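A.B. asks: With the sequence up front, the predicted model follows.
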Amino acid sequence: MSRPTFRLPSWRRPAIVALTLAAGLVLSATLALAHAYLERSTPAGGSKLSVIPQTVCLSFGEPVEKGFSIFAVKDSRGNRVDDEAKMRQAKDRFGSSKIIAIPLKELTEGSYTVEWKVLSVDSHVTEGRFTFTVLPGAKPAQADDKSRGDETSACAQALAANSR
Ligand SMILES: [Cu+2]
C-alpha cells in the first residue's frame, strides 16, 4: 500500500524556500539588534572636557537589567570615581529602561575610563569601555548648562527623583 504523499504544486516550492530564507534573515537581524549595545553617552567616548562632568549617562539600544549589570568609572590608576550607591536607571522617552545614570565623585584633570558589562532583558551579555579626558583648568558644571541632551536630562531627572 503506497502512502499518500503530500506534494506542493511545483511553482510554490521556490517561493517557500525564498520565504524561509527571508524569515531567517529577519530573525537573525532582530536577534543581533536585541543585544544591549551602547548607543550614546555623555560624555562621549574620546571627548576632551573643559567642564567637569558630574554624571556619566549611558544610553543602550535595548532595556538593561541594572541589578545584573556592572558599571564603573575609573581614573588612570584604576580607582573608582563613580558613586555606585547613587547609580540610577532612567527611562527613555518611550518608557524603556535603557539609560543608566552614574554620578561621579569630584573629578580633577586626567583620563577616565567608563566600563560596563550589561545583561539585556533578552538575557544576552554585552560589555565595553570608553575613555574621556578632563582637561587642565576644567571648570565645574553649571546647573543651567545648555549643552544637556535628552539622555542627560533623563539621567538628571532619575537622580533627582531618587535622591529624595
Ligand atoms: Cu541580545
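C.D. replies: Received the coordinates, thanks.
A.B. asks: And the residue of the chain found nearest the ion, its phi and psi?
C.D. replies: The nearest approach of the chain to the ion comes at residue 124, 3.1 Å away (C-beta to the ion). The C-beta positions use only the backbone N, C-alpha and C, and glycine is treated the same way. Per-residue torsions, residue 124: phi -90, psi 150 (degrees, to the nearest 10).
A.B. asks: Roughly how far does it sit from residue 99?
C.D. replies: Remark: distance between residue 124 and residue 99 (C-beta to C-beta, to the nearest Å) = 18 Å.
A.B. asks: Looking at those two, which one has more neighbours?
C.D. replies: Counted by other C-beta atoms under 10 Å, residue 124 and residue 99 do not tie: residue 99 has more neighbours, with 25 against 15.
A.B. asks: hang on, the more buried one packs against residue 93?
C.D. replies: No. Contact between residue 99 and residue 93 fails when scored by C-beta atoms under 8 Å: they sit 10.0 Å apart.
A.B. asks: Give the residues shared as contacts by those two.
C.D. replies: Common neighbours of residue 99 and residue 93, counting by C-beta atoms under 8 Å, 6 or more residues apart in numbering, are residue 154.
A.B. asks: and the residue nearest to residue 106 when sequence neighbours are not counted, what is it in contact with?
C.D. replies: Spatial nearest neighbour of residue 106, chain neighbours left out: residue 52 (7.4 Å); criterion: C-beta to C-beta, 6 or more residues apart in numbering. Counting by C-beta under 8 Å, 6+ apart, residue 52 makes contact with 106, 107, 108, 134, 138, 139, 140, 141.
A.B. asks: swap the cut-off to 10 Å and go again
C.D. replies: For residue 52, the contact set (C-beta atoms under 10 Å, 6 or more residues apart in numbering) comprises 104, 106, 107, 108, 109, 134, 135, 138, 139, 140, 141.
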